[in-house]
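Visitor: compute the structure for the input listed below.
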Amino acid sequence: MTARLEWDGHKADDGLEDGMKICILGAGALGCAIGAGLAQGGAEVTLVNRNAAHVDAINAEGLRLRDHDGERRVRIRAETSPAGVGPVDLVILLVKSFHTREAMDQAGPLLGPQTLVLSLQNGLGHEDILAEYVGRERVLAGKTYVGGSLLGPGHIIYGVRGKETVIGELDGRVTDRVRAVAGEFERAGMLIEVSDNIMGTIWDKLLINVATGAVTAIARMPYGPLYEFAPLEAVGVAAVREAMEIAHASGVRLTFSDPLEAWRKAGAGLPADFRTSMLQSLDKGSVTEIDFVNGAVVERGAQLGIATPVNSTLVACVQGIERMLGQVAPKRPPGVDHVAVRVADIDWNIRFFEAVLGMPLREADGPPEAPRQVWLEGGIQLIAASGAATDAAPAQPWIAHVAIRVRGLEAALARAAEWPVTALPQGPNWLRTPDGIALELFEY
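Guide: Predicted coordinates for the structure are as follows:
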């Protein structure tokens, strides 16, 4: 039986019995997190991401999710372009703000006569761009507090628990179609709200990004150490205070009444190793969305005659880092990201590396009393050995694999195909040399 979705007197055949057909256009870490949640709820979801290694890993082994409950895999379709996907009920746009037009130029195959387009991007102004392509009447707006962080191809930190998504019509009406979209999130167990004040919601989310995005990018800190350092909290809160003054002057109805609320909500429910999208962009040597976040505050402030010294400083600092990375990143040589070592006594090694070498525990996988593997600061991964010793798995410690970051992962894998190396089942970025060295390759 085929489901019929109906909104505002119109019917759409989505070809599914149990959910909408949805495409996540721009399925990076955040897009994968949202797509995985919707897929687990029964929607037919396709992730579109230009990174072939990421897409191949998802299609081969499923999308790997790591959260407070451990790690699991979700089977979900992934593509490198919208070309073969076909028309869908809903396109969720999550590309970087500066790629919005480019993404919509390629989105034609996804757009049927009643396809809705929902922007969950950071910053301001995306809805006006989308309206140029599909008409304002088919655009929904929204903001999400879901978090995601890319650990490797097809592998993300899944920050969904307790994180709300808010969507709405641009004119503030609560329609059947926006309720239908909200229903997909509800069936997936994801927090969702339909708002009659979506512009206020967009500004609320902007405040979240203003609070921590630039600060983490400049300090190069994940959330754990960030939220333990009061001077950076003061900077983030001051940036939010400026943005709130501008929102009020623009007639925007905000949810937050205290800038400290935005700072606290930004980190609520996310793990200590969570890295904001702005920090992840700088980690990869790419351009950030600073112009659409703190930069939007500065621009609107200039229009209203309101000074924004904190946000202006943050914008200048991030742009300076971008410029520096743009100059030096292409010269950055390949290098070891981490070395994974199998050990018989993982607890002893954790204590040894911290006490003797100053390499404390950064992250653990498995129960606290008996972790399966751990990551230490400084590039060591310890994996608990199990089973009896054999020639292939000796009792003494031995290297399990070496993780190497390279510039141009796809090109490196293409070159590797001409050599006598063996692909490993962990993913398309895993190779074994003739001497038995397992290599896990990552993009810088």
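Visitor: contacts, neighbours, all on C-alpha from now
Guide: Will do.
Visitor: residue 254 against residue 205, yeah?
Guide: No: with contact defined as C-alpha atoms under 8 Å, residue 254 does not reach residue 205; the gap is 10.0 Å.
Visitor: those two - which one has more neighbours?
Guide: Neighbour count, other C-alpha atoms under 10 Å: between residue 254 and residue 205, residue 205 has more, with 27 against 17.
Visitor: now do that one, the pLDDT please.
Guide: The confidence metric pLDDT takes the value 84 at residue 205.
Visitor: and the gap between it and residue 431?
Guide: According to C-alpha to C-alpha, to the nearest Å, residue 205 and residue 431 sit 41 Å apart.
Visitor: now the helices for the stretch 101-250 of the chain?
Guide: Secondary structure of the stretch 101-250 of the chain by DSSP state H, counting those that start in this stretch: the helices cover 126-134, 176-187, 198-219, 223-226, 230-249.
Visitor: list the buried ones in the fourth one?
Guide: Within helix 223-226, the residues that qualify as buried by neighbour count (16 or more other C-alpha atoms under 10 Å) are 223, 226.
Visitor: can you classify residue 364 by secondary structure?
Guide: The three-state assignment at residue 364 reads strand, by DSSP: H, G, I helix; E, B strand; the rest coil.
Visitor: kindly apply the preceding question to residue 322 instead.
Guide: Assigned by three-state DSSP, the conformation of residue 322 is helix.
Visitor: for it, which non-adjacent residue is closest in space?
Guide: Of all residues not flanking residue 322 in the chain, residue 287 sits nearest, at 6.2 Å (C-alpha to C-alpha, 6 or more residues apart in numbering).
Visitor: how many residues are close by that neighbour?
Guide: By the measure other C-alpha under 10 Å, the count of residues near residue 287 is 19.
Visitor: surely it touches residue 279?
Guide: No: assessed by C-alpha under 8 Å, residue 287 is found out of contact with residue 279, at 10.3 Å.
Visitor: mind giving me the domain ranges of this structure?
Guide: The chain breaks down into these domains under automatic domain parsing: 4-196, 202-330, 333-443.
Visitor: between those domains, which gets the lowest average pLDDT?
Guide: When the domains of the chain are compared by mean pLDDT, domain 333-443 comes last with a mean of 76.
Visitor: for that domain, the distance to its chain's centre please.
Guide: Averaging C-alpha positions (C-alpha atoms, centre = their mean, to the nearest Å) puts domain 333-443 24 Å from its chain's average.
Visitor: please apply the same query to stretch 288-303.
Guide: That offset, for stretch 288-303, works out to 21 Å (C-alpha atoms, centre = their mean).
Visitor: again, but for stretch 260-272
Guide: 16 Å.
Visitor: and the contacts of it?
Guide: If you take C-alpha atoms under 8 Å, 6 or more residues apart in numbering as the criterion, stretch 260-272 is touched by 68, 145, 147, 159, 161-163, 204, 207-209, 211-212, 222-225, 227, 233, 236-237, 240, 256.
Visitor: how about it as CSV, C-alpha atoms only?
Guide: The C-alpha trace of stretch 260-272 is given here as CSV (Å, rounded to 0.1, in the frame of the first residue of the first chain):
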residue,chain,number,x,y,z
LEU,A,260,23.9,33.1,29.5
GLU,A,261,20.9,30.9,28.4
ALA,A,262,22.3,30.7,24.9
TRP,A,263,25.8,29.7,26.1
ARG,A,264,24.4,27.0,28.3
LYS,A,265,22.0,25.6,25.7
ALA,A,266,24.8,25.4,23.1
GLY,A,267,26.6,22.7,25.2
ALA,A,268,23.7,20.9,26.7
GLY,A,269,23.7,17.2,26.1
LEU,A,270,26.8,17.1,23.9
PRO,A,271,29.9,15.1,24.8
ALA,A,272,33.2,16.7,26.0
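Visitor: quick one, what contacts residue 171?
Guide: residue 196.
Visitor: before we move on, what SS does residue 273 have?
Guide: Going by three-state DSSP, the secondary structure assigned to residue 273 is coil.
Visitor: is it true that it touches residue 227?
Guide: No: counting by C-alpha under 8 Å, residue 273 does not reach residue 227; the two are 11.3 Å apart.
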